[in-house]
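*Asks:* my questions are about this predicted structure, shown below with the sequence.
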Amino acid sequence: MDAEAAKLLGAGMAAIGAGVAAVGVGNVFGSFLESALRNPSAADGQQGRLFIGFAAAELLGLLAFVVAMILIFVA
Amino acid sequence: MAAEDGKIDPMYQFEVQTIFEGFSLGGQQISLTNSAVWMGFAVVALFIFMRGGMKRELVPGRWQMMVEGFTGFVDNMINANIGPGGKKYAPYVFSLFMFILFSNVLGLLPVGVLGLHPFTVTSHLTVTGVLAIISFSIVLLVGFAKHKLRFFTLFVPHGTPLPMIPFIFIVELLSFLVRPFSLALRLFVAMTAGHILLKVLAGFVINSANAGAGFGVFVGIPSFTLMIGISALELLVAVVQAYVFALLTSLYINDAVNLH
């Protein structure tokens, strides 16, 4: 396979990582909402933890994006 | 956007351009760039915003309520995460939050219609990296000044079994050292990705309209509708990323102040 083609294929495959991170972020907010509706009075106190979980899940998806950008523009 | 043979380059918006040549210092060219100008805009906008809300009126008007909303928000965050010892870090976290928020939002402004190209300062790793390094050095300085060498107990959580201590120490040390990178990378990549997405969609609109009326209606108009939605999403991301940066900074400062 041509090296250039392999690079672009790899960049495309990195998009899988972004999709899986979307599942993670959805899981974070979904679980939060599920339990917030069970006990709304405790929900406000957990907002910080919600965003920490969101940041951790999102970072991994963004890393997939960085891999794609490195493959296209740097490598 | 540079249009060379009909292709629209979504990376052109991130190019740092020299506006004023400046002078050379130790072999390095020190010049005024669009990045510096937009940082200046963010600072001036922030200054005007804060100035208008700090008149200390007994009955606060709308502007003062807006400013107090922001200060109260950061104050609550500090209180919840650091506790009573965190009051003195509130100015730093507040400046960080407001600067990132203002430069994120300024980069999204539709001033392109006036011929002025908005430049998102936070879409460059150099800028977010410096912000992250400042946060990280505050954590190190406060930690070592307050706890001396006992700061290293941060890397060994309470109740770790004795044979596990070397492994846990290495893992915790690695996760501690990775913090400034993850902090800087998150903000930089989130802003970059959003702006690339917007410019790619804008390219769809322009190119499909140029290709003919049929393409314009069936590709251009849906893309444009999607762009409006994504712009709203980007505004949300701009606020959330500023919040996450400030939140994680306050958490890291909490580690240094309270040591688990």
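*Replies:* Cool, the structure landed.
*Asks:* for chain A, which residue gets nearest to chain B?
*Replies:* Using CB to the nearest CB, A:Leu62 is the residue of chain A that sits closest to chain B, at 4.1 Å. For the C-beta atoms, the positions are set from N, CA and C on the backbone; glycine is no exception.
*Asks:* in the stretch 101-250 of chain B, which residue sits nearest chain A?
*Replies:* Of all residues in the stretch 101-250 of chain B, B:Val189 sits closest to chain A, at 4.1 Å by CB to the nearest CB.
*Asks:* check contacts around that residue.
*Replies:* B:Val189 sits next to A:62-63, A:65-66 when contact means CB atoms under 8 Å, 6 or more residues apart in numbering or on different chains.
*Asks:* now it: closest residue in space, sequence neighbours ignored.
*Replies:* A:Leu62 (4.1 Å; CB to CB, 6 or more residues apart in numbering or on different chains).
*Asks:* the one you found: how many residues sit nearby?
*Replies:* 22 (other CB atoms under 10 Å in any protein chain shown).
*Asks:* which secondary structure element contains the residue of the stretch 101-250 of chain B closest to chain A?
*Replies:* In this assignment (DSSP states H and E), B:Val189 forms part of helix B:179-211.
*Asks:* where does that helix sit relative to the chain's centre, distance-wise?
*Replies:* Relative to its parent chain, helix B:179-211 has a centroid offset of 15 Å by CA atoms, centre = their mean, to the nearest Å.
*Asks:* which outside residues touch the helix or strand following it?
*Replies:* Proceeding N to C from helix B:179-211, the next assigned helix or strand is helix B:213-215, under DSSP H and E. Contacts of helix B:213-215 with the rest of the structure, by CB under 8 Å, 6+ apart, involve B:208-209.
*Asks:* ok, 7 Å please
*Replies:* Under the contact criterion CB atoms under 7 Å, 6 or more residues apart in numbering or on different chains, helix B:213-215 has outside partners B:Ser208.
*Asks:* in which helix or strand would I find the residue of chain A closest to chain B?
*Replies:* Counting by DSSP H and E, A:Leu62 is found in helix A:47-69.
*Asks:* just the C-alpha atoms of that helix, please, in PDB.
*Replies:* Extracted C-alpha coordinates of helix A:47-69, given in PDB (Å, rounded to 0.1, in the frame of the first residue of the first chain):
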ATOM      1  CA  GLN A  47     -22.300  19.100  39.100                       C
ATOM      2  CA  GLY A  48     -18.600  19.400  39.600                       C
ATOM      3  CA  ARG A  49     -18.200  15.600  39.500                       C
ATOM      4  CA  LEU A  50     -20.400  15.500  36.400                       C
ATOM      5  CA  PHE A  51     -18.000  17.800  34.500                       C
ATOM      6  CA  ILE A  52     -14.900  16.000  35.700                       C
ATOM      7  CA  GLY A  53     -16.300  12.800  34.300                       C
ATOM      8  CA  PHE A  54     -17.200  14.700  31.100                       C
ATOM      9  CA  ALA A  55     -13.700  16.100  30.800                       C
ATOM     10  CA  ALA A  56     -12.100  12.800  31.300                       C
ATOM     11  CA  ALA A  57     -14.300  11.000  28.700                       C
ATOM     12  CA  GLU A  58     -14.000  13.900  26.200                       C
ATOM     13  CA  LEU A  59     -10.200  14.100  26.400                       C
ATOM     14  CA  LEU A  60      -9.800  10.600  25.000                       C
ATOM     15  CA  GLY A  61     -12.000  11.400  22.000                       C
ATOM     16  CA  LEU A  62     -10.000  14.600  21.500                       C
ATOM     17  CA  LEU A  63      -6.800  12.500  21.500                       C
ATOM     18  CA  ALA A  64      -8.200  10.500  18.600                       C
ATOM     19  CA  PHE A  65      -8.700  13.700  16.800                       C
ATOM     20  CA  VAL A  66      -5.100  14.700  17.500                       C
ATOM     21  CA  VAL A  67      -3.900  11.400  16.100                       C
ATOM     22  CA  ALA A  68      -5.900  12.000  12.900                       C
ATOM     23  CA  MET A  69      -4.400  15.600  12.600                       C
END
